[in-house]
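Trainee: model the following, please.
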Amino acid sequence: MDDYRVVADAIAADIAAGRLRPGDRLPPQRRFARQRGIAGSTAARVYGELVRRGLAVGEVGRGTFVRAAKPPPEPALAEPGGARVDLELNFAVLPEESARLARALEPLLRADVLTAALHPIGAAGTPVAREAAAGLLARGDWRPDPATVLFTGTGRQALAASIAAFVPVGERLAVESLTYPVVKGLAGRLGVDLVPIETDESGLVPAALAAAGPVRALYVQPTLHNPLGTTMPPRRRAELAEVVARLDLPVIEDGIYTFLRDDVRPFAAYAPERTVFVDSLSKRVAPGLTAGFLVSPPSWTARLASSVRSGAWAASRFAVEAATQWIVTGTLAEIEAAKRRDAAARASVVAEKLPGLRGDPASYHRWWELPEQWRAETFVAAAARHGIALSPAAAFAVLPGHAPNAVRLAVSAPPVATLAAALDVLAGLAGGSPDDLVTD
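Mentor: Prediction:
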């Protein structure tokens with residue numbers, strides 16, 4: 001039996017028949033090869049085929065396990081789920097937000113103003129919009145030059161334009177080993193290979209980046225990292241700035257959560273001559289009311305504007321005008337302050353219900369390294385049976401089969417009381433065993 005697919009089919013049949021259950025650990029590859037009378041290289045291909053089919057998941061240092069369920073038809077985190085308690089997606093929309101936003105937009109609804117807002121606009125927006133955006137994005141002693149601000153329809157489009165501007169098809173982009181899933185999707189569509197870089201409790205490890213071999217750019221989330229929720233300390237930012245300068249490497253900094261830590265200088269302040277800062281309104285306001293921002297070094301502004309235009313990623317004029325109105329009236333500043341208070345309140349609930357989770361207290365998400373008896377995929381499936389949606393580590397891992405045994409909790413969406421109740425359920429699950437879920 002030298003065809004690895006035949007062996008994989010046999011294992012798949014055992015899974016379908018229930019002889020191998022979700023969470024069961026498959027034998028180490030050497031033992032599996034001996035049991036089946038096949039070569040070690042064939043065993044490796046069998047396990048790789050099971051992972052490719054979505055029937056198994058590999059965990060670094062732990063082995064290969066039967067997956068809890070078939071993978072969803074949509075990519076992880078692509079769309080809101082139907083669970084009663086959504087701890088999968090981060091979209092904090094506060095009760096008072098809509099009224100504040102509506103009041104600020106009233107001047108735009110005059111016929112003459114609306115007529116102007118209906119006309120097209122370029123990636124550079126307007127001088128007033130650039131000045132307003134520069135003030136919105138400023139942090140500490142860092143304030144971008146308004147002349148270097150560009151606008152896109154969404155933050156995802158800003159990321160796409162940045163990657164396309166610096167990483168040609170077939171070339172390599174360095175990212176943290178656990179990264180924003182949308183970046184994985186964008187890289188695939190743009191024909192870019194991702195190179196995972198080691199992280200530790202302080203964030204991306206500069207020495208690991210230096211040892212990674214040739215890459216064309218670096219994508220990084222130094223503030224309230226998604227999914228880990230950590231914030232890179234100043235010393236690590238300075239070390240990383242030295243390494244990217246030595247490598248002459250462009251950096252794409254994702255600042256989507258920086259509004260929750262307005263006391264932290266962005267990485268762009270440490271390496272202003274080589275950092276593109278990306279942000280949007282999707283977290284500050286809401287996913288349905290957004291615009292993206294790009295801030296670049298002056299020498300790259302034209303290059304990035306061309307990338308925005310060629311990708312058809314420019315913002316609509318009305319979105320730019322609305323964002324400007326929300327900024328200049330102070331509406332966004334009020335909403336940001338309210339969301340920082342909201343995040344702090346939720347942090348207290350998380351600390352009480354599930355103490356010891358990894359993540360900055362200012363963050364809207366936490367990283368949970370699960371107890372030994374649980375596999376991440378099995379735990380996610382168990383939570384779903386209780387009406388709670390979570391994100392497994394595999395959704396963020398750059399390399400298939402290299403996900404740690406962990407889940408991300410996004411705590412911004414449900415009401416605080418609902419969040420507290422859901423965390424009680426999860427704590428109870430974690431204290432039990434997958435065997436508790438088996439019914440005769």
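Trainee: do I have it right that Pro404 meets Glu369?
Mentor: Yes - under the criterion of CB atoms under 8 Å, Pro404 makes contact with Glu369 at 6.8 Å. (Each C-beta comes from the backbone N, C-alpha and C, glycine too.)
Trainee: low-confidence ranges in the stretch 201-350 of the chain?
Mentor: Within the stretch 201-350 of the chain, not a single segment meets pLDDT under 70.
Trainee: can we see that at 90?
Mentor: 262, 286-289 (pLDDT under 90).
Trainee: in it, which spans are strands?
Mentor: With strands called from DSSP state E, counting those that start in this stretch, the stretch 201-350 of the chain shows them at 203-204, 217-220, 251-254, 275-280, 292-295.
Trainee: pick the most deeply packed of those strands.
Mentor: Sort those by mean neighbour count, taking mean count of other CB atoms under 10 Å, and strand 292-295 sits at the top with a mean of 29.
Trainee: helices or strands up against that strand?
Mentor: With contacts defined as 3 or more CB pairs under 8 Å, 6 or more residues apart in numbering; DSSP states H and E, strand 292-295 has these neighbours: helix 127-137, strand 149-152, helix 155-166, strand 275-280.
Trainee: reformat the ones you listed as CSV; add distance to Gly203.
Mentor: Shown next, in CSV, are those (distance: least, CB to CB, whole Å):
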stretch, distance to Gly203
helix 127-137, 21
strand 149-152, 26
helix 155-166, 19
strand 275-280, 15
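Trainee: so which of those comes closest to Gly431?
Mentor: Of all the helices and strands packed on strand 292-295, helix 155-166 sits nearest to Gly431, with 37.8 Å by CB to CB.
Trainee: can you tell me the strand partners of the following helix or strand past the closest one and which way each runs?
Mentor: Next in sequence after helix 155-166, counting helices and strands by DSSP states H and E, comes strand 172-176. Based on DSSP bridges, the pairing partners of strand 172-176 within the sheet are strand 193-197 (parallel), strand 217-220 (parallel).
Trainee: stretch 371-391: end-to-end distance?
Mentor: Start-to-end span of stretch 371-391 (CA to CA, to the nearest Å) is 16 Å.
Trainee: pLDDT of that stretch, averaged?
Mentor: For stretch 371-391, the mean per-residue pLDDT is 93.
Trainee: that older thread, Pro404 and Glu369: who's more crowded?
Mentor: Neighbour totals were compared for Pro404 and Glu369, and Pro404 leads with 20 against 13 (other CB atoms under 10 Å).
Trainee: not counting its neighbours along the chain, what's nearest that one?
Mentor: Using CB to CB, 6 or more residues apart in numbering and skipping residues adjacent in sequence, the residue nearest Pro404 is Ala393, 5.1 Å away.
Trainee: ok, that neighbour - how many residues close by?
Mentor: 24.
Trainee: sorry, back to before: out of the strands paired with strand 172-176, which is closest to Ala104?
Mentor: Taking CB to CB, strand 217-220 is the member of the strands paired with strand 172-176 nearest to Ala104, at 32.7 Å.
Trainee: and the closest one, C-alpha only, in PDB?
Mentor: C-alpha atoms of strand 217-220 as PDB (Å, rounded to 0.1, in the frame of the first residue of the first chain):
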ATOM      1  CA  ALA A 217       8.400  44.000   3.800                       C
ATOM      2  CA  LEU A 218       7.200  43.400   7.300                       C
ATOM      3  CA  TYR A 219       3.600  43.500   8.500                       C
ATOM      4  CA  VAL A 220       3.300  43.900  12.300                       C
END
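Trainee: list the contacts of it.
Mentor: The contact list for strand 217-220 (CB atoms under 8 Å, 6 or more residues apart in numbering) reads 159, 163, 166-167, 173-176, 179, 183, 197, 203-204, 209, 240, 244, 249-254, 267.
Trainee: now the strands paired with strand 172-176 in JSON lines, with distance to Leu150?
Mentor: Output for those, formatted as JSON lines (distance: least, CB to CB, whole Å):
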{"stretch": "strand 193-197", "distance to Leu150": "24"}
{"stretch": "strand 217-220", "distance to Leu150": "17"}
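Trainee: among those strands, which is nearest Arg143?
Mentor: For the strands paired with strand 172-176, the distance to Arg143 is smallest for strand 217-220, at 20.8 Å, taking CB to CB.
Trainee: buried residues in stretch 307-318?
Mentor: By neighbour count on 16 or more other CB atoms under 10 Å, the buried set for stretch 307-318 is 307-308, 313-318.
Trainee: so can I have CSV of these showing distance to Leu294?
Mentor: Shown next, in CSV, are those (distance: CB to CB, whole Å):
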residue, distance to Leu294
Ser307, 9
Val308, 7
Trp313, 9
Ala314, 11
Ala315, 10
Ser316, 16
Arg317, 17
Phe318, 19
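Trainee: of the residues you listed, closest to Ala56?
Mentor: Closest to Ala56, out of all of those and judged by CB to CB, is Trp313, at 37.3 Å.
Trainee: got the contact list for the closest one?
Mentor: 152-153, 157-158, 160-161, 292, 307.
Trainee: ok, now with 10 Å
Mentor: 123, 150-154, 156-161, 164, 292, 294, 307 (CB atoms under 10 Å, 6 or more residues apart in numbering).
Trainee: looks like His225 contacts Arg366 (just checking).
Mentor: No - using CB atoms under 10 Å, His225 makes no contact with Arg366, being 11.6 Å away.
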